[in-house]
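K.L.:
I'd like to go over a predicted model; first the sequence, then the structure.
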Amino acid sequence: MSTLEPTVIANPETLKSDGLGCHSGKEQMLTAAKAAGKTITLDQYAKDYPKGPHDQPQSMCPAFGSLRVGLRMRRTATVLSGSACCVYGLTFTSHFYGARRTVGYVPFNSETLVTGKLFEDIREAVHKLADPLHYDAIVIINLCVPTASGVPLQILPREINGVRIIGIDVPGFGVPTHAEAKDVLAGAMLRYARTEAEAGPVAAPRGGRAAKPTVSILGEVFPVDPVGIGMMLEPMGLAAGPVVPTREWRELYSALDCAVVAAVHPFYTASVREFVAAGRAIVGSAPVGYDGTEAWLQAIGIAANVEQAKIDAAKNRILPAIRGALSKMPIKGRITLSGYEGSELLVARLLVESGADVRYVGTACPRTPWSENDRSWLEAKGIHVQYRASLEQDLAAMREFKPDLAIGTTPVVQAAKQQRTPALYFTNLISARPLMGPAGAGSLAMVVNAALANQSRFDAMDDFFAGVGEGDNAGVWQEQPQARPEFREQYKKKAAKAAKASKVEEPV
Ligand code: SF4
């Protein structure tokens, strides 16, 4: 039996509907969550993931980021606690990404939520699942409604049968983007692993400890990028360490055991906090393009106390190859770029060094110290960098700069194609390829040039479909739809009359 008091919900009205956090009632949800004991967590999120210039960029449910980090890992189970429609959407997306892992779900209804029984159900589910034969860790994610009702995951046992239990709150009203939700779980795992390592010996990496000091890579990168980074580091007597988020639990220890952390994605605030607590130096930006690689090697060398001659040797080895790859694959054309992955500024640097005329870079992520070099490099070239960019800002940039190619999120790409501008999805087509070193320069140019060459196809398509209709006239019709503005006018008058009448009848 639980010794817990039943969870008190400050404003049960806010929690009645599925998926409410996405659409409305955000302030009420936040107030309810704070009244239900989540103040410390939510205040920390507000500090780690500052909002503004507006509340929240339009992107997918943030919890997907945490889910994805859990799904990456071997011997890790993820359990979602939230509304059925949210869980359906999240698991659907995880299957779409080919995760091939089971996601557990603890359903609830008004009664189990209000009485605190939901927490008991979660605890029972976790106990049933915690089999050390199959799992190193179980992650439980509170979505919007359970967070707002204060389901206290933090009092779950820290481990059951040797299986680590990690409960996190990832509400859409507290974590702005799915990128930052990755950090919520990665940071929680690093914290857990750090306390384990501080308490005594921990499991060694599968291939044994690295002979050289390592550079851990913070941020998901294309699989060949760590190999390229390893080659760049070699003349400095350094090796590439694990990528965080990691693929298995024991990699967390080796990630913490590094000499320097390369924060190639700049939004991992909670994870950086753990590395700093472990005494590690953090270096921002990434080895992209000529200038980016030169500055990055210098910063890594200094952070790892490497003598200047060796840093120069590393530069001399790789920089000519990067210059060669960039000049062999030039990009010609005006480009606007936006996304929510966190690598937008890096991609923009590479495009500029390839010769592209980049005018605007929008990112859903916040401004942090780890993208400062990229921001100042881009701005020095007259490029507008927009942090926490909204869809409206991305679209306005496209209208203003009239690019030959728009790289962006789904709605940006759709709008670009509608105005016969070639467009590429950032997430699927740009961030899912190598970016670092010579490999990055060549691979990005290939996809961008192919898209730029598509203008004539867009013109032909637009001419072909000319006159099929737009907005409420779009679609396949037997006859050409006729606009009937007089009907709309009539309904408007009737509605106004009805509203006036109901006002008169209102009791005083
Ligand atoms: S959990 Fe995600 S999908 Fe569900 S209400 Fe919150 S933000 Fe929306």
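P.N.:
Here it is on my side, so go on.

K.L.:
In the chain, which residue is most central in space?
P.N.:
Closest to where the C-alpha atoms of the chain average out (CA atoms, centre = their mean) is Ala179, at 1.9 Å.

K.L.:
Am I right that Lys402 is in contact with Gly333?
P.N.:
No. Counting by CB atoms under 8 Å, Lys402 does not reach Gly333; the two are 11.4 Å apart. The way it works is simple: take the backbone N, C-alpha and C, and place the C-beta from them, glycine included.

K.L.:
More neighbours: the two, which one.
P.N.:
Shown here are Lys402 and Gly333; by other CB atoms under 10 Å, Gly333 has more neighbours (19 against 12).

K.L.:
For Ala314, see how far away the more buried one is.
P.N.:
Gly333 sits 33 Å away from Ala314, going by CB to CB, to the nearest Å.

K.L.:
go on, Pro171?
P.N.:
As for Pro171, its distance to Ala314 is 44 Å (criterion: CB to CB).

K.L.:
residue in the stretch 151-300 of the chain nearest to the ligand?
P.N.:
Nearest to the ligand, among the residues of the stretch 151-300 of the chain, is Gly172, at 2.5 Å (CB to the nearest ligand atom).

K.L.:
That residue belongs to a helix, doesn't it?
P.N.:
No. With DSSP: H, G, I helix; E, B strand; the rest coil as the criterion, Gly172 is coil rather than part of a helix.

K.L.:
Look up phi and psi at it.
P.N.:
When quoted as degrees, to the nearest 10, the phi and psi of Gly172 stand at phi -60, psi -20.

K.L.:
one step back: so the residue nearest to the centre of the chain: helix, strand or coil?
P.N.:
Under three-state DSSP, Ala179 comes out as helix.

K.L.:
which stretches of the stretch 101-250 of the chain form helices?
P.N.:
Along the stretch 101-250 of the chain, counting by DSSP state H, counting those that start in this stretch, helices occupy 110-115, 117-129, 144-148, 178-199, 224-233, 249-256.

K.L.:
just so I know, which of the ones you listed lies nearest Cys86?
P.N.:
Nearest to Cys86, of all the helices of the stretch 101-250 of the chain, is helix 144-148, at 6.9 Å by CB to CB.

K.L.:
Dump that closest one to CSV, keeping only the CA atoms.
P.N.:
Extracted in CSV, the C-alpha atoms of helix 144-148 (Å, rounded to 0.1, in the frame of the first residue of the first chain):
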residue,chain,number,x,y,z
CYS,A,144,1.1,16.8,-20.2
VAL,A,145,-1.8,15.7,-18.1
PRO,A,146,0.0,13.5,-15.6
THR,A,147,2.6,16.3,-15.1
ALA,A,148,-0.1,18.9,-14.6
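
K.L.:
is it up against the ligand anywhere?
P.N.:
Yes. Helix 144-148 reaches the ligand (CB under 6 Å from any ligand atom) through Cys144.

K.L.:
helices or strands up against that helix?
P.N.:
Contacts defined by 3 or more CB pairs under 8 Å, 6 or more residues apart in numbering; DSSP states H and E place helix 144-148 against helix 20-23, helix 26-33.

K.L.:
and the ones you listed, which one's lowest on average pLDDT?
P.N.:
The minimum mean pLDDT among those belongs to helix 20-23 (a mean of 58).

K.L.:
okay, Pro171 and Ala314: which has more neighbours?
P.N.:
In terms of neighbours (other CB under 10 Å), Pro171 is the more surrounded of Pro171 and Ala314; the figures are 27 against 24.

K.L.:
Let me know whether that one touches Gly25 as I believe.
P.N.:
No. If you go by CB under 8 Å, Pro171 and Gly25 don't touch, sitting 11.8 Å apart.

K.L.:
Show me the shaky parts of the chain.
P.N.:
1-24, 52-59, 97-98, 469, 504-508 (pLDDT under 70).

K.L.:
let's go with 80 and repeat that
P.N.:
Applying pLDDT under 80 to the chain flags residues 1-28, 51-60, 93-100, 102, 207-208, 428, 431-432, 442, 466-483, 502-508.

K.L.:
Excluding chain neighbours, what is closest to Pro366?
P.N.:
Of all residues not flanking Pro366 in the chain, Pro50 sits nearest, at 5.2 Å (CB to CB, 6 or more residues apart in numbering).

K.L.:
you'd agree the one you found is in a strand?
P.N.:
No. Counting by three-state DSSP, Pro50 is not part of a strand but coil.

K.L.:
Number the residues from 45 up from this point.
P.N.:
Will do, 45 is the new start, and the previous item becomes Pro94.

K.L.:
Does it touch Cys409 like I think?
P.N.:
No. Counting by CB under 8 Å, Pro94 does not reach Cys409; the two are 10.6 Å apart.

K.L.:
Those two: which has the busier surroundings?
P.N.:
Neighbours per residue, other CB under 10 Å: of Pro94 and Cys409, the larger number sits with Cys409, 25 against 14.

K.L.:
helix or strand for the more buried one, which one?
P.N.:
Cys409 is part of no helix or strand, with elements assigned from DSSP states H and E.

K.L.:
all helices for the stretch 395-544 of the chain, in order.
P.N.:
Using DSSP H, counting those that start in this stretch, helices in the stretch 395-544 of the chain cover 416-424, 435-445, 454-462, 481-496, 499-509, 529-549.

K.L.:
In a markdown table: these, plus mean neighbour count.
P.N.:
Below are the helices of the stretch 395-544 of the chain laid out as a markdown table (neighbours: other CB atoms under 10 Å):
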| stretch | mean neighbour count |
| --- | --- |
| helix 416-424 | 17 |
| helix 435-445 | 18 |
| helix 454-462 | 17 |
| helix 481-496 | 20 |
| helix 499-509 | 12 |
| helix 529-549 | 9 |
